[in-house]
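Novice: Generate a structure from the sequence data that follows.
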Amino acid sequence: MELLLRVSLCFLTFTGKLLGDEIGVITVAVPKGSDAILPCSPTSKEDLSSQLFKWRKYYQNEVFLYNAGYHYNNGLKGQDSQFKGRVSFFQDLLSSGNASIVIQNVMLKDTGIYRCEFPKLQPRSETFQIKLVVKQFEREGSNVILPCSPIGKDDLRHHVFDWNRNDSEEVFLYDNGSYYHNGKSGQNEYFENRVTFFQDQLQVGNASIQINNTQQNDIGIYSCEFPHLKPQGQKFYIQLVVGTCPKPSFSIRKKLDGGMLVQCEAHGVYPEPTMELHNSADVPIDPVNITNSLNGKYINLQAVVTKEDEYHCVMKQEGICHQIYSTKTLVIVASGDDSGFFNGLSVGAGGVIFVVFLFALFYFLYWHKRKLSGMPDDRTNTRSEEETLTRLN
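Specialist: This is a model prediction of the structure:
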């Protein structure tokens, strides 16, 4: 946990831009229902044990306050009811300048811009801004609902709500009964005829939209804003992640000394997954090589298996498929004794052929020499002796 915090704080320090007494916004994105660490530390990294720092949302929602040992979790009053019992800090890290907080069980209503303030630092105060975003994972080609409602579940039929992507592209706008393609213009052409809303549910505060046939080009951070409702500053954020999860394939590549080289691979997969090779007991096999493409849409794992068994690939991916498996495949691995036996047979057969060849060559040379020297054929002599005996008789 401490290592994660230090990495987060380093990211905050080196990517934030000083704007007067404020630091540029840093984004923290987590899946719905998980805990979120909002990192914060003054540039001086000074001991905060006797200092004052506070966290606010929308400039008025009191999220957390620490004042020289006193805080909302040990008696201080004033914390917003939305955050009571859900926010903690790292007391043992205050001496190293860590004012980070943890928000438990993050929901859509928790998303937005948070301010971490050090009002009494010298020579001047400092303020950091963190954007908390909820991740939403969807499969490519599906119709996706992006949920949104104001805090008070107000009747929205005569109000305004506005959906944007990446704070620059107009996705959907509703304004007192008018909306895109019904009296309103300005929608980004990429979203034309693809976005609908739930008009019959506006009276119960439902400002959700549906994006049809989502593609990976729809990936981004979407914001849903109610500019005129109270409390002010109601703007919620969803990071839409559109992914694919094809089934991984298993193949046997070639025989090696003492084993078989096998491979797991998957094409067109997003977000970037991890890959493992498991045996029949579901125990991972150490890989010899893992390759990921630059765009994160291809992964390849190779391993050497040394025992006969059934093996399968396990691909793990955040949010979309979680885990997906290849078909189990039996891999037969020849033992060292078997290979020695077959090698011995090969050597023995080669020796027999060589001996037969030498015998045939000797036999040919022997009879060829007899013919050249005029020596009679033994078979002819035998016939002559038989003829002589016949005549004598």
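Novice: what's in contact with stretch 232-239?
Specialist: 29, 57-60, 108-109, 111-113, 131-136, 146-148, 150-151, 220-226 (C-beta atoms under 8 Å, 6 or more residues apart in numbering). All C-beta atoms are positioned from the backbone trio N, CA, C, and that covers glycine.
Novice: Just checking the distance from it to the centre of its chain.
Specialist: 26 Å (C-alpha atoms, centre = their mean, to the nearest Å).
Novice: go on, stretch 219-230?
Specialist: 28 Å.
Novice: mean confidence score for it?
Specialist: Here stretch 219-230 scores 95 as its mean pLDDT.
Novice: And for stretch 115-125?
Specialist: 92.
Novice: Flag the shaky bits of the stretch 201-350 of the chain, pLDDT-wise.
Specialist: Within the stretch 201-350 of the chain, the stretches with pLDDT under 70 are 335-350.
Novice: residue ranges of the strands in it, please?
Specialist: 209-211, 220-226, 234-243, 249-256, 259-267, 274-278, 284-285, 289-292, 298-305, 309-317, 322-325, 329-331 (DSSP state E, counting those that start in this stretch).
Novice: contacts for the fifth one?
Specialist: I take that to be strand 259-267. Applying C-beta under 8 Å, 6+ apart, the external contacts of strand 259-267 come out as 246-255, 273, 275-277, 288, 297-306, 311, 313, 315, 326, 331, 333.
Novice: Only the buried residues of it, if you could.
Specialist: 260, 261, 262, 263, 264, 265, 266 (16 or more other C-beta atoms under 10 Å).
Novice: The last one now?
Specialist: When burial is assessed from 16+ other C-beta under 10 Å, strand 329-331 yields the following buried residues: residue 331.
Novice: Repeat that for the fourth one.
Specialist: Of the residues in strand 249-256, those with enough neighbours to count as buried (16+ other C-beta under 10 Å) are residue 250.
Novice: Show me what it is packed up against.
Specialist: strand 259-267, strand 309-317, strand 329-331 (3 or more C-beta pairs under 8 Å, 6 or more residues apart in numbering; DSSP states H and E).
Novice: Go ahead and build a ChimeraX selection from the buried members of the contacts of stretch 232-239.
Specialist: ChimeraX command restricting these to the buried ones, with burial defined by 16+ other C-beta under 10 Å:
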select :29,57,58,108,111,112,113,131,132,133,134,135,136,146,148,150,151,220,221,222,223,224,225,226
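Novice: Compute the inter-axis angle for the longest strand along the chain and strand 234-243.
Specialist: For the chain, the strand that runs over the most residues, judged by DSSP state E, is strand 126-139. Counting by axes from the mean of the first three to the mean of the last three C-alpha atoms, to 10 degrees, strand 126-139 lies at 40 degrees to strand 234-243.
Novice: strand partners of strand 126-139, parallel vs antiparallel please.
Specialist: strand 22-31 (parallel), strand 112-118 (antiparallel), strand 234-243 (parallel) (DSSP bridges).
Novice: Strand 220-226 and that strand, what's the angle between them?
Specialist: Per the same axes, to 10 degrees, the angle that strand 126-139 makes with strand 220-226 is 110 degrees.
Novice: re the thing from before, mind checking the strands paired with strand 126-139 for the one nearest to residue 141?
Specialist: Closest approach to residue 141 among these is made by strand 234-243 (8.9 Å; C-beta to C-beta).
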